[in-house]
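K.L.:
show me how the following folds:
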Amino acid sequence: MNDFSELEDQLRKLRPAQPSPSLISRIEGALAEPETLAPTSGVVPSEHRFHFNWLSLGLGLAAATALVFFAFVRLHEQAAQTPRTASTQSSPAISTSAAQLVPAGLTQVVYRTRDEGVHFPTSAEQPMRRVRSRTRETLQWRNPKTGATLRISYPTEQVSLLPVSGQ
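P.N.:
All right, here's what the predicted structure looks like:
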């Protein structure tokens with residue numbers, strides 16, 4: 001039944017070979033010698049010291065100082081250009097400025113559409129597929145005189161029943 005019985009018998013009879021006398025003498029000689037460093041092919045390991053690169057630090061600080069200086073100058077230029085006069089408006093003026101808003105845009109983004117499968121409503125003669133869509137609508141108005149904008153966003157959900165045809 002066992003086709004490998006001959007092979008198994010042969011493997012059981014195998015024994016490791018004895019090491020040669022020269023190998024044993026070399027191992028004894030290596031163990032008797034004092035421990036020395038392995039040859040490094042002429043490469044001498046150097047001590048690792050921390051070297052600080054002062055040039056990189058100086059250039060980095062100079063660049064950071066230049067950026068801060070340019071940002072400071074730019075902020076002062078913008079502050080000088082903006083008028084600092086305060087004005088008060090009565091409520092009728094506010095309502096007239098609100099009337100000056102002009103529709104600027106409408107955005108509808110569908111961010112989820114889900115097919116809810118086939119339904120059999122009692123009022124319909126044929127099966128209907130129900131699809132649910134979730135959108136976000138954003139309306140935007142703009143005042144052309146002042147450049148002010150008004151945005152209103154609101155989410156909507158729409159359920160559609162689509163007829164299913166069997167043809």
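K.L.:
pLDDT wise, what is the residue of the chain positioned farthest from its centre at?
P.N.:
For the chain, the residue at maximal distance from the C-alpha centroid (Cα atoms, centre = their mean) is residue 21, at 65.9 Å. In this prediction, residue 21 carries a pLDDT score of 91.
K.L.:
distance check, it against residue 115.
P.N.:
Relative to residue 115, residue 21 is positioned 85 Å away (Cβ to Cβ, to the nearest Å). C-beta here means a position set from N, CA and C on the backbone, and glycine is covered the same way.
K.L.:
kindly report the same for residue 156.
P.N.:
Going from residue 156 to residue 115 by Cβ to Cβ gives 18 Å.
K.L.:
low-confidence ranges, the protein, go.
P.N.:
Scanning the chain for pLDDT under 70 picks out 1-2, 35-46, 48, 78-99, 124, 166-167.
K.L.:
show me where it has strands.
P.N.:
Using DSSP state E, the strands of the chain run over residues 102-119, 128-142, 149-163.
K.L.:
strand partners of the longest one, parallel vs antiparallel please.
P.N.:
Just to be clear, that refers to strand 102-119. Here strand 102-119 is paired, per DSSP bridges, with strand 128-142 (antiparallel).
K.L.:
ranges for the helices of this protein?
P.N.:
Using DSSP state H, the helices assigned to the chain run over residues 5-13, 21-32, 54-81, 91-99.
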